[in-house]
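[1] Prediction below, plus the sequence it came from.
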There are 2 protein chains.
Amino acid sequence: MEEKIIKAIQDDYPDDFSWCYGCGRLNKEGHQFRTGWQGEKTVTIYTPEPKHTAIPGFVYGGLMASLIDCHGTGSAALALHRKNGHEAGDGSEPPRFVTASLKVDFLNPTPQDVPLKAIGTLQEIHPKKWKVETEVFSHDTLCARGEVVAVVMPDTFMKKA
Amino acid sequence: MEEKIIKAIQDDYPDDFSWCYGCGRLNKEGHQFRTGWQGEKTVTIYTPEPKHTAIPGFVYGGLMASLIDCHGTGSAALALHRKNGHEAGDGSEPPRFVTASLKVDFLNPTPQDVPLKAIGTLQEIHPKKWKVETEVFSHDTLCARGEVVAVVMPDTFMKKA
């Protein structure tokens, strides 16, 4: 049975910020990644679609990068929200983050038709900036390792939205 | 008028290796990135679709990462092909690369509805390994800077395809 995230931070984003192709719950054409706590780690689970292929049988690296990217911003939002005294699902509006930088090391070919589990470890490096180290597993195989530096969404984005 | 790549390396990949969600010409649901030479630089041009949004008005970072990823492997294929005495479109089969690592620094919000131009600079770091430094422009604005280390596709991929 596939694990599921019960309380995802993305479920609490205001509608205007829920159109992300990676993790927006309102973007029906997107991946709709959902990120929640699992103990002190953050978790996103996603099964790539058949079209998300690199070569037949293996998952597209850009999809792995997208998963690590949105898992990073979602994890940072979870962490700052918790620091502010809140949890996903408690009715309060979470902070939103954007990605400053993204790194991915592709360690093993990622087979298709298997749920991927991204597990994040968080580190606050500034009041508005978090580093999220992520490992992406296919069953027990570590397929990719990623790092995202996520920053609180700046006003330049807010104004346009 | 939007620039176009005339001779793209992806046009020459064998059918079995043309299903990549990022740059496979046979993956009709994918981005179908196409990469060619422009002088000593490599270029990929792509206009994100409306669904590829981060928040309304701005391009999704995962799409930028995908563009940099496939631009990197395509650029490495162009470079090794040329080193081997060939050019895209000359009827010979090009080498294929996979991504070992990907880094992206997001420098400026990327507006939607504008063609993105990824420009790559190549460095051979090993007979089977190339580093591709990429800058992604929206008009004259540098929106992202990326680095891909691409390696010749290993047998583990070949066997399965």
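    Perfect, I can see it now. Residues are numbered from 1 along each chain as shown, chains lettered A, B, ... in the order given.

[2] near chain B, which residues of chain A show up?
    By C-beta under 8 Å from any C-beta of the partner chain, the residues of chain A that approach chain B are A:16-17, A:19-22, A:24, A:27, A:29-30, A:51-58, A:60-63, A:65-66, A:69-70, A:98-106, A:109, A:156-157, A:160-161. In this view, the C-beta of every residue, glycine as well, is placed from N, C-alpha and C.

[3] Whichever of these end up buried, select them in ChimeraX.
    Remark: buried members of these, expressed as a ChimeraX selection using 16 or more other C-beta atoms under 10 Å in any protein chain shown:
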select /A:17,19,20,21,22,24,27,30,52,53,54,55,57,58,60,61,62,63,65,66,69,70,98,99,100,101,102,103,104,106,109,157
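
[4] all strands of chain A, in order?
    A:35-38, A:41-46, A:97-106, A:116-126, A:129-138, A:141-152 (DSSP state E).

[5] in chain A, what spans have low per-residue confidence?
    For chain A, the stretches with pLDDT under 70 are A:1-2, A:156-161.

[6] Nearest the geometric middle of it, what residue?
    A:His71 (1.3 Å; C-alpha atoms, centre = their mean).

[7] In this structure it contacts A:His31, no?
    No - at 10.8 Å, A:His71 and A:His31 do not qualify as touching, with contact defined as C-beta atoms under 8 Å.

[8] Look up how far A:Thr121 lies from the residue nearest to the centre of chain A.
    A:His71 sits 11 Å away from A:Thr121, going by C-beta to C-beta, to the nearest Å.

[9] and for the two, which residues touch both?
    A:Val132, A:Thr134 (C-beta atoms under 8 Å, 6 or more residues apart in numbering or on different chains).

[10] tell me the contacts of A:Arg34?
    Contact analysis of A:Arg34 by C-beta under 8 Å, 6+ apart lists A:Ile5, A:Ala8, A:Gln10, A:Asp11, A:Cys23, A:Arg25, A:Thr44, A:Ile45, A:Gly74.
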